[in-house]
Structures are given as structure tokens and as C-alpha cells.
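Enquirer: Provided below for reference: sequence and predicted model.
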Amino acid sequence: MDRLVIVVDLGGGSNRGAGIMVTGWRMGIAQPGQWIYKRTDGTKRSNYLFPKSQTENPKLLLSKQMAPVRNGRVLFNSIPTGYPEPGKTTVYDATPTIDIDNAPLNGGFILKTLVLSIDPYMRGMMRSPETKSYSDPYFVGQPTNGLGVGVVVRSEHPDVKAGEHLYGGLTHEEYSIRKDLNGLRTIKKEHGLPWSVYVGAAGMPGMTAYMAWKEYSKAKKGDVAFVTTGGGPVGSFVIQLAKLDGMKVIASAGSDEKVKFMKDIGADVAFNYKTTSTEEILQKEGPIDVYWDNVGGEILDLALKYASVGARFIECGMISGYNGARKPIENIFLVVSKSISIQGFIIFRLEEKYRDEFYTTVPPKLAKGELKYSEEIVKGLEGIGEAMLSVQKGTNKAKVVVLVAEE
Ligand SMILES: NC(=O)c1ccc[n+]([C@@H]2O[C@H](COP(=O)([O-])OP(=O)(O)OC[C@H]3O[C@@H](n4cnc5c(N)ncnc54)[C@H](OP(=O)(O)O)[C@@H]3O)[C@@H](O)[C@H]2O)c1
């Protein structure tokens, strides 16, 4: 016998041990007494031929070499009173391990985390479990979680295949064992976009801007829009949508770098609210027909003061109150006298309606540069605590994405 004989399907696996990628490989015999691993998934990588001196069945050898690997995770450690404190609110725990090939799945699958999104709403999850909200709380002693993309490395689930990518709620671990697809759906990497974009402009923040703008802005050419946190993934997307609808856009952010980005993507008036008076800008450039509110507090109060009759207020977020006391809104009575409509929303209630349209429309435009985005990549789960803080404080430069692992 001098040709390959298929002996056994090794099933799912990952890159470790002797450095052999076992996902999609089959083991056979190349020449009498010689072992080979042959890829069966159609990729062009070369087969792996064991030396003739390798007489022991390499599957056994590999299983001996495949020690459990590290499964680092981020734990919620204590409920913060103000800003989250890395190392206190959350801690990185590098001690867990996982045996990817042998961990019992009980009909589920193992997901390897690739990218994780860091979002402002996470601060709302750092609360006492008694406080009810639209999202579940983080539990002290348990891993934190958030939106991300992972790749399936081993599966016993009939609807989930090794090699598939899933987007949705992921625990902050390098690998997670999942029972089912609850909160997850398959996602394809298309148009040459990296996975990081699929949690940013082509993920939940992009959906927030795209879907709520469509649903609530009643955009009219020539109208004036005011967009806050315009340097972030939601605000920067809204700026571009308002410009596409022919509006004049006033946009604010907390650093000169973000101001530059807002100008680059088309904002007519872009300013740093920390160094320039928001009131003076709105007095000069208003009145406002659409206010996209990401901040609440004093700026919302000013937006009411400089709103036009019949203005639409889209209440997306109020980050000025996420880490401390919320300021009462003094000018709320102007809602009556100016016939202002105020619409709050949570994105998951709009997703069903617009999801297909979003994925057909947005990723190709991002890939062609017709819609622009900016991101800040943090490497490794151990950076999550700092990343969460930076998004709350505004020391982030752009959409924060944690790159946990390459494919
Ligand atoms: N309703 C929904 O379903 C939904 C979904 C997604 C996001 N959101 C909301 O949308 C907003 C933007 O989200 P994102 O993902 O695009 O966030 P992001 O811009 O990446 O990060 C949040 C930004 O908020 C700004 N900020 C922090 N504290 C502030 C304060 N006291 N006053 C003014 N600005 C402050 C900072 O930017 P500066 O440098 O500009 O200060 C910070 O970078 C957040 O309020 C978020 O909660 C809502």
C-alpha cells in the first residue's frame, strides 16, 4: 500500500500541541508504516507527513501532547459607586484551563472568542442584581459579558458546525462552552472587513444609529441636526446619515482628535464641548430640528433651549449620568411650548424590523468607504477593565474593540 488510507476523522480542534491544525484533518497512511494528516476542508495548506521513524499512531501521540490550554477570563469583582476601577470592579483571571478536545459538551459546542465590543451600556450591568433594568446585571464572581464574535472549534450541536462564526452575547473568556444558540447567530465575514467592524459600525452600535435614525428622525433636507459623542461609533454613524439626508450637522465630542474625525466624515460644525461653549455654538448654529442625544444632562438641557418648534429628540443614551448623579432637566417644560417630540429606544426592539436591510446595506458601504468608521483595538482580555473605563470617561480614541485571538 503506497497511497493514503483514511483511518480516522479527528473532528474539531485547534492550533496547539505539535503545532498541527487538526480541524478538518483526517489521518491516514502515506506509505506502509508512515502516518500522514491530510486536510479535508478544501483549504490549500499542505498535508503533514510524519517521519518514517514515527511508528506510534500519531493520534495517540497528539492526544498525549494536547494538554489543556489557558482559558483566561474577566470576572466581575465588585459593584462600583462611580467609574469602574480596573483590578477592583473587574479582575483578569488567567488560571482556568480548558481541554478543547475532551471537555464534555453534552450536546453543545465550544466557542473561541475572537473580538469583543466594549460599550457604554456595560456600566449599567455593574449593578446590584436587585435593581431591575432592560439588561441582566453582572454577577460578582462570574465572568463579565458583552457582544462579540467567536469561532466554533468543536461541536456536538446539530445546528452548529466547527469553523462557523457566531455573533452575539459572549462571556469574557477565551473559550466558552455553550449549550445552545440563545443570543447568538451565525455571521459571515464579507467584503474584506475585519471581525472588529462586525462588532462596531457593522454591529450593534452601527445598528443603533442606522435603525433609530430611519425610524425616528423624520429627516428633512435643510434641517439642522445636533449629534453628541460624535467621535464614537453611534454618533459618527449618525453624522453621516444626517449628511446623506441633506441636513446641516452640528457635532460635539470631548477631544480634538475626535473633532477632526467628525469634520473628516462631514460634520458642518464640529466642536470640543470641553473647550468650547456648547451654548454659544447652539445659539449661533441652531435652532436644532433633530437632536441625537447620547449624553443627557446639561447638554440635553441646552438642546431643549435651542430646539426649533416641532423638533425631534432621539434619546439614545445619557452617559453623563452613568457613573454618578443624574442632573434634573430644567428646560423640560419647553417640550410643551415648542411641541417637541421625544423618542427613547433600546436597539434590540428595532433589530427585527431592520436587521436584514442593515446587513445588506451597511457592510458593503463600509468596505467601499462610502460610510466611514474608526476603531481602537485593545489586545487581550486582560485589557478589558481599562477599556471599559476609557469608554465611560471618554479617554478612548474611537470604537473600542478587544482583540482576544486571531482565527
Ligand atoms: N439606546 C440604545 O439601544 C443604545 C445602543 C448603543 C449605544 N447607546 C448609547 O449611545 C451612546 C454612544 O455609544 P457609543 O457606543 O457610540 O459610545 P462611545 O462614543 O464609544 O463612548 C462613549 C463616549 O461618551 C462620551 N462621554 C462620556 N462621558 C460623557 C459626559 N459626561 N458628557 C458627554 N460625553 C461623555 C465620551 O466621548 P467624548 O470624548 O465625546 O466625551 C465617550 O467616548 C451612549 O450613551 C450609549 O449608551 C444606546
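Expert: Noted; the coordinates are in hand.

Enquirer: buried residues, the longest helix anywhere in the chain. List them.
Expert: Taking DSSP state H as the criterion, the chain has its longest helix at helix 348-368. Burial within helix 348-368, assessed by neighbour count using 16 or more other Cβ atoms under 10 Å, is assigned to L350, Y354, F358, Y359, V362, P363, K365, L366. No exception for glycine: its C-beta is placed from N, CA and C like everyone else's.

Enquirer: can you give me the helices for the chain?
Expert: Listed in chain order (using DSSP H), the helices of the chain are 58-65, 122-125, 204-216, 233-244, 256-264, 278-285, 297-305, 334-337, 348-368, 384-393.

Enquirer: who touches the longest helix of the chain?
Expert: Here helix 348-368 makes contact (Cβ atoms under 8 Å, 6 or more residues apart in numbering) with 190-193, 197-198, 201-202, 206-207, 210-212, 214-215, 371-373.

Enquirer: partners of the strand ranked longest in the chain in the sheet?
Expert: In terms of residue count, the longest strand belonging to the chain (DSSP state E) is strand 145-155. Using DSSP bridges, strand 145-155 pairs in its sheet with strand 109-117 (antiparallel), strand 165-171 (antiparallel).

Enquirer: tell me which of those strands is the most buried.
Expert: Each of these was scored by mean neighbour count; the highest is strand 109-117, a mean of 25, by mean count of other Cβ atoms under 10 Å.

Enquirer: chain center to it, what's the gap?
Expert: Average the C-alpha atoms of strand 109-117, do the same for its chain, and the two points are 11 Å apart (Cα atoms, centre = their mean, to the nearest Å).

Enquirer: residue contacts, the residue lying closest to E173 once chain neighbours are set aside?
Expert: If the residues on either side of it in the chain are set aside, E173 comes closest to R73, at 4.1 Å by Cβ to Cβ, 6 or more residues apart in numbering. The neighbourhood of R73, defined by Cβ under 8 Å, 6+ apart, consists of Y92, D93, P96, P143, T171, H172, E173, E174, L381.

Enquirer: ok, of the residues you listed, which one's closest to the ligand?
Expert: Each of these was checked against the ligand using Cβ to the nearest ligand atom; the closest is H172, at 17.4 Å.

Enquirer: thought that closest one was touching L147?
Expert: No: under the contact definition of Cβ atoms under 8 Å, H172 does not touch L147, with a separation of 11.0 Å.

Enquirer: among the contacts of helix 348-368, which ones are buried?
Expert: Using 16+ other Cβ under 10 Å, the buried members of the contacts of helix 348-368 are 193, 197-198, 201-202, 206-207, 210-212, 371-373.

Enquirer: farthest-separated two in those?
Expert: For the buried ones among the contacts of helix 348-368, the maximum inter-member distance is 22.3 Å, found between L193 and A212 (Cβ to Cβ).

Enquirer: thinking again about what came up before, now for H172 and L147: what residues contact both?
Expert: When Cβ under 8 Å, 6+ apart defines a contact, the residues bordering H172 and L147 alike are L116.

Enquirer: these two: which is more packed in?
Expert: Higher neighbour count among H172 and L147: H172, with 25 against 22, using other Cβ atoms under 10 Å.

Enquirer: what sits against the more buried one?
Expert: Contacts for H172 were tallied using Cβ under 8 Å, 6+ apart; they are R73, V74, T113, L116, P143, T144, N145, G146, L381, I384.

Enquirer: gap between the residue of the stretch 151-300 of the chain found nearest the ligand and G394?
Expert: Using Cβ to the nearest ligand atom, the single residue of the stretch 151-300 of the chain nearest to the ligand is G232, 1.7 Å away. As defined by Cβ to Cβ, to the nearest Å, G232 lies at a distance of 9 Å from G394.

Enquirer: these two - which one has more neighbours?
Expert: Residue environment comparison for G232 versus G394 gives the larger neighbour count to G232, 30 against 16, counting by other Cβ under 10 Å.

Enquirer: apart from its neighbours in sequence, what residue is nearest the more buried one?
Expert: What sits nearest to G232 in space, not counting adjacent residues and going by Cβ to Cβ, 6+ apart, is K399, at 6.5 Å.

Enquirer: list the contacts for the one you found?
Expert: Taking Cβ under 8 Å, 6+ apart as the criterion, K399 is in contact with S117, G200, A201, P205, G232, P233, Y373, S374, E375, E376.

Enquirer: any idea how far I347 is from Y216?
Expert: If you go by Cβ to Cβ, the gap between Y216 and I347 works out to 12 Å.

Enquirer: of the two, who's got more company?
Expert: With neighbours defined as other Cβ under 10 Å, Y216 and I347 compare such that Y216 has more, 21 against 18.

Enquirer: picking up where we left off before, I'd like to know which of the contacts of K399 is nearest to G321.
Expert: Closest to G321 out of these is G232 (16.7 Å), distances taken as Cβ to Cβ.

Enquirer: need the per-residue pLDDT for that closest one.
Expert: On pLDDT, G232 comes in at 98.

Enquirer: doesn't K397 make contact with it?
Expert: No: shown here, G232 and K397 do not form a contact pair, counting by Cβ under 8 Å, at 10.0 Å.

Enquirer: quick check: neighbours shared by the two?
Expert: The overlap between the contact sets of G232 and K397 (Cβ under 8 Å, 6+ apart) consists of K258.

Enquirer: flag the shaky bits of the protein, pLDDT-wise.
Expert: Judged against pLDDT under 70, the low-scoring parts of the chain cover residues 1-66.

Enquirer: apply 90 and report the result again.
Expert: Scanning the chain for pLDDT under 90 picks out the ranges 1-67, 407.

Enquirer: hang on, the earlier thing: what's the distance between the residue nearest to G232 and G369?
Expert: 16 Å.

Enquirer: burial measure for the closest residue to G394 other than its chain neighbours, as a count.
Expert: If the residues on either side of it in the chain are set aside, G394 comes closest to G254, at 4.4 Å by Cβ to Cβ, 6+ apart. Applying other Cβ under 10 Å, we find 21 other residues in the vicinity of G254.
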